[in-house]
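Q: Test case, fold it:
(one chain, ligands or ions: 2)
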Amino acid sequence: MPMLADPSTKYLPYLDVPFPEGYVRRWPNERTRAAPIWLSTDLRDGNQALVNPMSNATKLELFRLLVKIGFKQIEVAYPASGDTEFQFVRDLIENNEVPEDVALQIITPARSDLITKSIASLAGVKHGIIHLYNAVSPVFREVVFRNTKEQTIDLTINAVKVVKKLTEEETARSGARFTLNYCLETFSQTEPEFAVELGNRVLAEWGKATPEDKVYFNLAATVESAPSNQYADLVEYFNNNINQRDSVLLSIHPHNDRGTGVAATELGLLAGGKRVEGCLLGNGERTGNVDLITLALNLYSQGVSPGLDFSNLPEIVQVVCRCNESAVPVRYPYAGTLVFSAFAGTHQDAIKKGLDAQAARWEKVDRTGEGKKYWAMPYIPIDPKDLGYGYENLIRVSSQSGKAGSAYVIKQTLQFDLPRRMQVSFYGIVQSECEKTSKEMTTSLITNAFKQQYGLSSKPLGRLHLQSYNLIPLSPSSEPSSLVSDEADGPPTTPEHVGDLVRFEGQISVDGRTRTITGDGRGAQLALLDALRSDLELEVDVGESVQQNLPGENPKMATYLEVVLPGTSPSKSGAGGVWGVGVSRDSTTSLCRAIISGVNGLVGDKRLPRAKMVFTPRRDQSAQRSESWLREVKLRTGHAVVRTPEQERSEFISVAPPL
Ligand SMILES: CC(=O)SCCNC(=O)CCNC(=O)[C@H](O)C(C)(C)COP(=O)(O)OP(=O)(O)OC[C@H]1O[C@@H](n2cnc3c(N)ncnc32)[C@H](O)[C@@H]1OP(=O)(O)O
Ligand SMILES: CC(C)C(=O)C(=O)O
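A: Numbers count the residues shown, from 1 in each chain. Ligands and ions are numbered 1, 2, ... in the order given. Predicted coordinates:
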């Protein structure tokens, strides 16, 4: 049968709550400033909804977890359902599983034989809560019980009488304390006036409610069948009209049929509810009971302590899912595996910036003692670390991701804080890989791509590999002395050479063959570029260049720089040059390595048609001075001749100081 063109012929809308004319609702102006009493019904409402209800051993495991989380009221069984459930309650009590401050709740229908059995299960309990229930809405009265309103009240009152008598007897025997939790099952579909009338009759029959020893009324949304604001209205109406208000506590028991169980609960609390009955991860009949984890963490994210500890949420989720033989959808609030992961580029960019900015803000608070370490993070409403997650999955990279995603992964895994334009450049590499495979780029794929691209893997792919080098100061005032660095990363002995005239002499393997290259210039960078130009006919320049201290036990220096073809100006977007990375304990070595890393990228790049690495034996060193060297010499000596390169070389030879 297709869906109806006019569903009003089949479905009735919810009714208005009979507030007096002009009544102004209080709940829209309220705020929840303290946690409610939490009642976990995982072992009852949750259990009765399972394909395979839990064994008592599994229930015990879950009970212990609930205690560990901090629940002080736990509904443990429907003891009248059979010996297994009955025995579970007995075992908890007899084996001293119940901490002093935890109350055991059991549920019973309003039938005297079943009430008797249920209360018997609690013999010896310290604090027992008797959850007495019967459905009271019109359809249940008419169809299930075939009762009038009066008969419904009689059924309820007779049951209350039995509960009162049996609990008083048990109290006389053992000193046990009992609380009545009377559930108006299907409250949310019941005429509000009738619900109040019934509640008042229960209160009168119980006859001993006090502010210290309240009667609980469970206002169950057994089936969620209207918007959350209507549920809040119903709770506020009951709250306004029930007698002995100080001696009554309103308990909220929402289900999630419309997908708004959490909202209904939050509004129900604003309307006067002080207790919430639900299950971890929203297990329960049909679409489930309300999820207590979501509720608790919603409060927490507002700065209100829930009084429940979800510091290790992943482990809790794992235990609950095992016990319930269920799974959590990946997008499930707080507990889903993807809720703290951003794939989309602009989200990643904002999160990465947010983390950096927050680290700076918090560091300032630590340093100055002023302000507070508030959480203010784009897209992430709660700190995943509070719940036992790390930040490693915050950003995951797919074809929908941007530069910040890959950059974040690299920073998290390798500590490299890439300059913005390099992020753009590396993103291009990741993006094309992603589009090739149409799959997520995992952390290991991204880090491997990074190491390969920039020659940081154990077997770097590039054609050039710097094995060792000497930097020889050429300043006339200083004695030539050799500053040596090699791949072994010796102590950082090399001073910063920018500005000083130096000679670079390096052992470099080119396609597996070791070559010696030599070049001169002001500082290591120009000298190395000169050597590449002179001896390998690689004519390149360095564009943007950034160095970063890598903290850790063995602090190192990372250099990120852009190798460009002479005369090209890299665009802001990162296009143009090829980036290289060098790492060393010594900044000059990291610089040299970064140049070679970038050159390797450029050599493999189609944009370098003229680049070829020559393998001819080295020409006469003195005849091979490059233009840059000549320029340096001219600067130093005052010679300012403009000649052809050949002429310049002759000029140079005549003025060059002895090496
Ligand atoms: C909304 C909720 O979650 S309520 C909790 C529901 N949980 C469970 O039912 C789990 C445990 N239940 C059981 O094991 C069984 O239902 C038992 C042992 C309690 C009762 O079993 P049975 O005697 O076979 O009854 P059955 O399960 O068919 O229940 C329906 C009967 O109980 C009556 N009934 C239903 N709810 C109630 C109630 N709260 N109070 C009194 N009677 C009730 C029905 O009107 C019906 O009576 P009828 O047979 O005279 O027409
Ligand atoms: C019996 C009550 C508490 C119930 O489980 C419900 O209404 O969903």
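
Q: For the rest of this, base every contact and every neighbour count on C-alpha atoms.
A: Will do.

Q: so who does residue 165 touch?
A: Taking C-alpha atoms under 8 Å, 6 or more residues apart in numbering as the criterion, residue 165 is in contact with no other residue.

Q: how far away is it from residue 155?
A: Per C-alpha to C-alpha, to the nearest Å, residue 165 is found 16 Å from residue 155.

Q: Which strands or helices does the helix or strand residue 426 falls within pack on?
A: Element membership for residue 426 (DSSP states H and E) is helix 420-437. Using 3 or more C-alpha pairs under 8 Å, 6 or more residues apart in numbering; DSSP states H and E, the elements in contact with helix 420-437 are helix 403-414, helix 443-453, strand 578-584.

Q: closest one to residue 107 among these?
A: Evaluated with C-alpha to C-alpha, these place helix 443-453 nearest to residue 107, the distance being 49.5 Å.

Q: CA atoms only: put the closest one into CSV for me.
A: The C-alpha coordinates for helix 443-453 follow below in CSV (Å, rounded to 0.1, in the frame of the first residue of the first chain):
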residue,chain,number,x,y,z
THR,A,443,47.9,8.4,7.9
SER,A,444,50.5,5.8,6.8
LEU,A,445,49.8,6.5,3.1
ILE,A,446,50.3,10.2,3.7
THR,A,447,53.4,9.9,5.7
ASN,A,448,54.9,7.4,3.3
ALA,A,449,54.1,9.8,0.4
PHE,A,450,55.7,12.6,2.2
LYS,A,451,58.9,10.7,3.1
GLN,A,452,59.2,9.5,-0.5
GLN,A,453,58.5,12.8,-2.1
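
Q: With residue 39 as the reference, measure out to the residue of the chain found nearest ligand 2.
A: When scored by C-alpha to the nearest ligand atom, the chain has residue 222 as its residue closest to ligand 2, at 3.6 Å. Here residue 222 is placed at a distance of 16 Å from residue 39 (C-alpha to C-alpha).

Q: residue contacts, the closest residue to the residue of the chain closest to ligand 2 other than its chain neighbours?
A: The spatially closest residue to residue 222, leaving aside those adjacent along the chain, is residue 186, at 4.9 Å (C-alpha to C-alpha, 6 or more residues apart in numbering). Neighbour list for residue 186: 135, 136, 137, 219, 220, 221, 222, 223 [criterion: C-alpha under 8 Å, 6+ apart].

Q: burial of residue 56, as a residue count?
A: Using other C-alpha atoms under 10 Å as the criterion, residue 56 is surrounded by 17 other residues.

Q: So what's the residue count around the residue lying closest to it once chain neighbours are set aside?
A: The shortest distance from residue 56 to any residue other than its chain neighbours is 6.1 Å, reached at residue 88 (C-alpha to C-alpha, 6+ apart). Residue 88 has 21 neighbours, counted by other C-alpha under 10 Å.

Q: Which strands or helices does the helix or strand hosting residue 346 pack on?
A: In the assignment (DSSP H and E), residue 346 maps to helix 345-368. If you count contacts as 3+ C-alpha pairs under 8 Å, 6+ apart, helix 345-368 packs onto helix 403-414.

Q: Just the C-alpha atoms of the helix it packs on, please, in CSV.
A: Taking Å, rounded to 0.1, in the frame of the first residue of the first chain, the C-alpha atoms of helix 403-414 are listed here in CSV:
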residue,chain,number,x,y,z
LYS,A,403,45.8,21.2,2.2
ALA,A,404,45.3,21.5,5.9
GLY,A,405,44.3,17.8,6.2
SER,A,406,47.6,16.4,4.9
ALA,A,407,49.5,19.1,6.7
TYR,A,408,47.8,18.2,10.0
VAL,A,409,48.6,14.5,9.5
ILE,A,410,52.2,15.3,8.8
LYS,A,411,52.4,17.5,11.9
GLN,A,412,50.8,14.9,14.1
THR,A,413,53.0,12.1,12.9
LEU,A,414,56.3,13.6,11.9
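
Q: got the contact list for it?
A: When contacts are taken as C-alpha under 8 Å, 6+ apart, the neighbours of helix 403-414 outside the stretch itself are 343, 345, 348-349, 352, 392, 395-397, 416-418, 423-424, 426-427, 430, 443, 446-447, 450.

Q: can you pull the pLDDT of the most centrally placed residue in the chain?
A: For the chain, residue 340 is the residue whose C-alpha lies nearest the centre (C-alpha atoms, centre = their mean; 2.8 Å). In this model, residue 340 is scored at 95, pLDDT.

Q: That one and residue 396 touch, don't they?
A: No - Residue 340 is beyond contact range of residue 396, at 9.8 Å (criterion: C-alpha atoms under 8 Å).

Q: Now do the shared contacts for the two.
A: Residues touching both residue 340 and residue 396 (C-alpha under 8 Å, 6+ apart): there are none.

Q: Just the buried positions in the helix holding residue 346, please.
A: Judged by neighbour count (16 or more other C-alpha atoms under 10 Å), helix 345-368 contains these buried residues: 345-349, 351-355, 358, 361-362.

Q: Output that helix in CSV, but only the C-alpha positions, please.
A: What follows is helix 345-368, C-alpha atoms only, in CSV (Å, rounded to 0.1, in the frame of the first residue of the first chain):
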residue,chain,number,x,y,z
GLY,A,345,38.8,20.5,3.5
THR,A,346,37.4,23.7,5.0
HIS,A,347,36.6,21.8,8.2
GLN,A,348,40.1,20.5,8.4
ASP,A,349,41.6,24.0,7.8
ALA,A,350,39.5,25.4,10.6
ILE,A,351,40.3,22.6,13.0
LYS,A,352,44.0,22.9,12.3
LYS,A,353,44.0,26.6,12.8
GLY,A,354,41.8,26.1,15.9
LEU,A,355,44.2,23.7,17.5
ASP,A,356,47.2,25.9,16.8
ALA,A,357,45.4,29.0,18.2
GLN,A,358,44.2,27.1,21.2
ALA,A,359,47.6,25.8,22.0
ALA,A,360,48.9,29.4,22.0
ARG,A,361,46.0,30.6,24.1
TRP,A,362,46.5,27.9,26.7
GLU,A,363,50.2,28.3,26.8
LYS,A,364,49.6,32.0,27.5
VAL,A,365,47.3,31.1,30.4
ASP,A,366,50.0,28.7,31.8
ARG,A,367,52.6,31.4,31.4
THR,A,368,50.7,34.4,32.8
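
Q: in its sheet, what does the helix or strand encompassing residue 544 sit against?
A: Residue 544 belongs to strand 541-550 when elements are defined using DSSP H and E. Strand 541-550 has the following strand partners under DSSP bridges: strand 556-564 (antiparallel).

Q: Show me how the protein divides into domains.
A: The chain breaks down by automatic domain parsing into domains covering 35-324, 345-453, 464-618.

Q: Tabulate those domains (CSV), appending mean pLDDT.
A: Converted to CSV, the domains of the chain look like this (pLDDT from 0 to 100):
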stretch, mean pLDDT
domain 35-324, 98
domain 345-453, 93
domain 464-618, 79
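
Q: give the contact list for the residue lying closest to residue 351 once chain neighbours are set aside.
A: Distances taken as C-alpha to C-alpha, 6+ apart place residue 378 nearest to residue 351, at 5.6 Å, with adjacent residues excluded. Under the criterion of C-alpha under 8 Å, 6+ apart, the contact partners of residue 378 comprise 347, 350, 351, 354.

Q: And residue 113, how far from ligand 1?
A: If you measure residue 113 against ligand 1 using C-alpha to the nearest ligand atom, to the nearest Å, the figure is 10 Å.

Q: That residue should be in a helix, yeah?
A: Yes - when the secondary structure is assigned by DSSP: H, G, I helix; E, B strand; the rest coil, residue 113 falls within a helix.

Q: picking that back up, list the contacts of the helix holding residue 426.
A: Taking C-alpha under 8 Å, 6+ apart as the criterion, the residues outside helix 420-437 that touch it are 398-399, 401-404, 406-407, 440-441, 446, 449-450, 560, 562, 572-575, 578-579.

Q: farthest-separated two in the buried residues of helix 345-368?
A: Largest separation among the buried residues of helix 345-368 by C-alpha to C-alpha: 345 and 362, giving 25.5 Å.

Q: Give the helix, strand or coil label for residue 182.
A: Going by three-state DSSP, the secondary structure assigned to residue 182 is strand.

Q: That's all I had, so thanks and see you.
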